[in-house]
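Enquirer: got a sequence here, can you model it:
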Amino acid sequence: MDHMKLYKREKYLKKIRGFYHDTDIIKVISGVRRCGKSCLMQMIADELTESGIPRENVSFYNLDRYGYKNIKTADDLEKLLFQEKHPKGTKYVFIDEIQNVEGFEPVINALREEGEYSIFITGSNSYLLSGELATKLTGRYIEFELFTLTFDEYIGMKKMYGKPVSEHLEEELDSYILEGGFPRTVQYDLLEDKRTYARSVIDEIFKKDIRRRVQIRHKDTFDKVQTFILNNFGATMSLSNILDELQKENISIKRDTLNRYIQVLLDAKIIYECRRFDLKSKRSIRGEQKYYLADLSFYFIHNTDNRINYGPVLENIVYQYARSCSYDVSIGRIGNLECDFIVRDNMMNYAYIQVAMTIMNSRDTEDREYRPLEMISDNYPKYVLTRNDPIQRRNGIIHMNIPKLIVEGRRFE
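Expert: Okay, the predicted model is just below:
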């Protein structure tokens, strides 16, 4: 792979390092197209060789690249992987965009069963982990989900490329919002170039991840559904109210088709679903959810005015940051009040988060953000997160500004 200087995405490497040498567990790196999966694999390969693993024990196959594009079937893949004379010791095999190969699962499993291969694969859509891989390899793989750059990584990458960085974090936050977090966009100076790039990513997702997989007979209707969901990210939605809204725009679509289109957007990782969680019953409630964007640029390429509606935008940033820190994230209901997010770590520790542009407008605004948190009687941490407010103290609830929280890499504990 061509070696340009890579920005080290430590928060993901940290999650994967413990599994580098496991030959019985396949490491699956998933995430929306162009979020940096190939580069992350390259970083892992570099760390292996730097730690003394001989270069000939590390093989890299990018199935989207020239030279490997004709690898389309399981037989082709098998020939590619088993043809070489392999050196002694553990072999490290990296395969990029494996979903290009129809029926790759048995080949990867055969390689795993050899017991000498530490296997890393990437794919840009959820089909990778549905169906055969999930059933045949249950307990044999771990998925690491990669997101586009979170705000701290955006700042870090700008510094690495020698781009100017404002000392006022909220100014940088606004640039991040308008530009989005695709690693490649950091290299462009003009906003319109960044937008053109983001548009090309959406087109590529449609061509490679959607059209190849699913029959979409009415592309214009699909586009309208996609635009509607992208424009209303962060709003509570159910299938019924989406159908009603589309009806108002004279878009007639069956409930099943709408459900399928939303699933297509989720599978292609253009959007993420955030479900409602009932604190009393400690369970997820189906039927009402919010959708957040894999990248904010997906909103701004559809809406060329640059006014920022901070409510959903800041929620999207916090949602993605929490997910990148391995939290499960839900929308919370506490009695009759709603809390923006309930996050859970894998030790089942909770934290409660309210997100607001500001709480300084009036006492009412402040009360609206604090009251749901004050209603919670357990002792898990509670946060009010704002864009750039003087820090308030109230009832032990932690108030922080979002840019500072993320740049400091704070966890919700």
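Enquirer: helix or strand with the lowest mean pLDDT in this protein?
Expert: helix 132-136 (a mean of 64; mean pLDDT, DSSP states H and E).
Enquirer: now the element after that one, going C-ward?
Expert: On the C-terminal side of helix 132-136, the closest following helix or strand by DSSP states H and E is strand 141-145.
Enquirer: tell me if residue 352 really is in a strand.
Expert: Yes - with DSSP: H, G, I helix; E, B strand; the rest coil as the criterion, residue 352 is part of a strand.
Enquirer: what is the neighbour count of it?
Expert: Counted with other Cβ atoms under 10 Å, the neighbours of residue 352 add up to 24. All C-beta atoms are positioned from the backbone trio N, CA, C, and that covers glycine.
Enquirer: can I assume it is in contact with residue 344?
Expert: No - with contact defined as Cβ atoms under 8 Å, residue 352 does not count as touching residue 344 (10.7 Å).
Enquirer: so where do the strands sit in the stretch 151-300 of the chain?
Expert: For the stretch 151-300 of the chain, applying DSSP state E, counting those that start in this stretch gives strands covering 271-278, 283-293.
Enquirer: pick the most buried one from those.
Expert: For the strands of the stretch 151-300 of the chain, the largest average neighbour count (mean count of other Cβ atoms under 10 Å) is found in strand 271-278, namely a mean of 18.
Enquirer: show me what contacts the closest residue to residue 310 other than its chain neighbours?
Expert: Residue nearest to residue 310 in three dimensions, not counting chain neighbours: residue 357, with 3.8 Å by Cβ to Cβ, 6 or more residues apart in numbering. Residue 357 sits next to 310, 311, 314, 386, 387 when contact means Cβ atoms under 8 Å, 6 or more residues apart in numbering.
Enquirer: okay, and which of those map to helices?
Expert: 310, 311, 314 (DSSP state H).
Enquirer: narrow those to those that are buried.
Expert: Among those, those scoring as buried are 310, 314 (criterion: 16 or more other Cβ atoms under 10 Å).
Enquirer: OK, contacts around the spatially most central residue of the chain?
Expert: A centroid search over the chain (Cα atoms, centre = their mean) returns residue 147, at 3.4 Å, as the residue closest to the centre. By Cβ under 8 Å, 6+ apart, residue 147 lies in contact with 31, 32, 35, 181, 294, 320, 323, 324.
Enquirer: can you pull the contacts of the last one?
Expert: Read that as residue 324. Neighbours of residue 324 in contact, by Cβ under 8 Å, 6+ apart: 11, 12, 147, 150.
Enquirer: now render those as TSV, adding secondary structure.
Expert: TSV is the format used below for those (three-state DSSP):
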residue	secondary structure
11	helix
12	helix
147	coil
150	coil
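Enquirer: closest to residue 118 among those residues?
Expert: residue 12 (16.9 Å; Cβ to Cβ).
Enquirer: ok, the residue nearest to the centre of the chain to residue 200 distance?
Expert: For residue 147, the distance to residue 200 (Cβ to Cβ, to the nearest Å) stands at 19 Å.
Enquirer: repeat for residue 7
Expert: For residue 7, the distance to residue 200 - Cβ to Cβ - is 21 Å.
Enquirer: more crowded one of the two?
Expert: Higher neighbour count among residue 7 and residue 200: residue 7, with 19 against 13, using other Cβ under 10 Å.
Enquirer: give the full set of residues in contact with that one.
Expert: With Cβ under 8 Å, 6+ apart, residue 7 has these contacts: 39, 153, 156, 157, 160, 183.
Enquirer: next one: residue 386
Expert: 355, 356, 357, 358, 359, 399, 400, 401, 402.
Enquirer: let's have the residues you listed in JSON lines, adding pLDDT, distance to residue 78 and secondary structure.
Expert: Formatted as JSON lines, the contacts of residue 386 follow (pLDDT from 0 to 100; distance: Cβ to Cβ, whole Å; DSSP: H, G, I helix; E, B strand; the rest coil):
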{"residue": "355", "pLDDT": "98", "distance to residue 78": "49", "secondary structure": "strand"}
{"residue": "356", "pLDDT": "97", "distance to residue 78": "55", "secondary structure": "coil"}
{"residue": "357", "pLDDT": "97", "distance to residue 78": "55", "secondary structure": "coil"}
{"residue": "358", "pLDDT": "97", "distance to residue 78": "59", "secondary structure": "coil"}
{"residue": "359", "pLDDT": "97", "distance to residue 78": "60", "secondary structure": "coil"}
{"residue": "399", "pLDDT": "98", "distance to residue 78": "57", "secondary structure": "strand"}
{"residue": "400", "pLDDT": "98", "distance to residue 78": "52", "secondary structure": "strand"}
{"residue": "401", "pLDDT": "98", "distance to residue 78": "53", "secondary structure": "strand"}
{"residue": "402", "pLDDT": "98", "distance to residue 78": "48", "secondary structure": "helix"}
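Enquirer: out of those residues, which end up buried?
Expert: 355, 356, 357, 359, 399, 400, 401, 402.
Enquirer: return the member of the strands of the stretch 151-300 of the chain having the minimum mean pLDDT.
Expert: Averaging pLDDT over each of the strands of the stretch 151-300 of the chain singles out strand 283-293 as the lowest, with a mean of 83.
Enquirer: can I get that strand in CSV, CA atoms only?
Expert: Provided in CSV are the C-alpha atoms of strand 283-293 (Å, rounded to 0.1, in the frame of the first residue of the first chain):
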residue,chain,number,x,y,z
ARG,A,283,-35.2,-2.2,27.9
SER,A,284,-35.2,-0.9,24.4
ILE,A,285,-38.6,0.3,23.0
ARG,A,286,-39.2,-0.4,19.4
GLY,A,287,-41.1,1.9,17.0
GLU,A,288,-39.7,5.3,17.9
GLN,A,289,-36.1,6.2,17.2
LYS,A,290,-33.8,8.9,16.1
TYR,A,291,-31.4,8.6,13.2
TYR,A,292,-27.9,10.1,13.3
LEU,A,293,-25.6,10.6,10.3
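Enquirer: just the angle between it and strand 271-278, please?
Expert: Per axes from the mean of the first three to the mean of the last three Cα atoms, to 10 degrees, the angle that strand 283-293 makes with strand 271-278 is 150 degrees.
Enquirer: residues making contact with strand 283-293?
Expert: By Cβ under 8 Å, 6+ apart, strand 283-293 touches 229-230, 232-239, 262, 270-278, 299, 315-316, 319-320, 330-331, 333.
Enquirer: roughly how far out does that strand sit from the chain middle?
Expert: Relative to its chain's centre, strand 283-293 lies at 16 Å (Cα atoms, centre = their mean, to the nearest Å).
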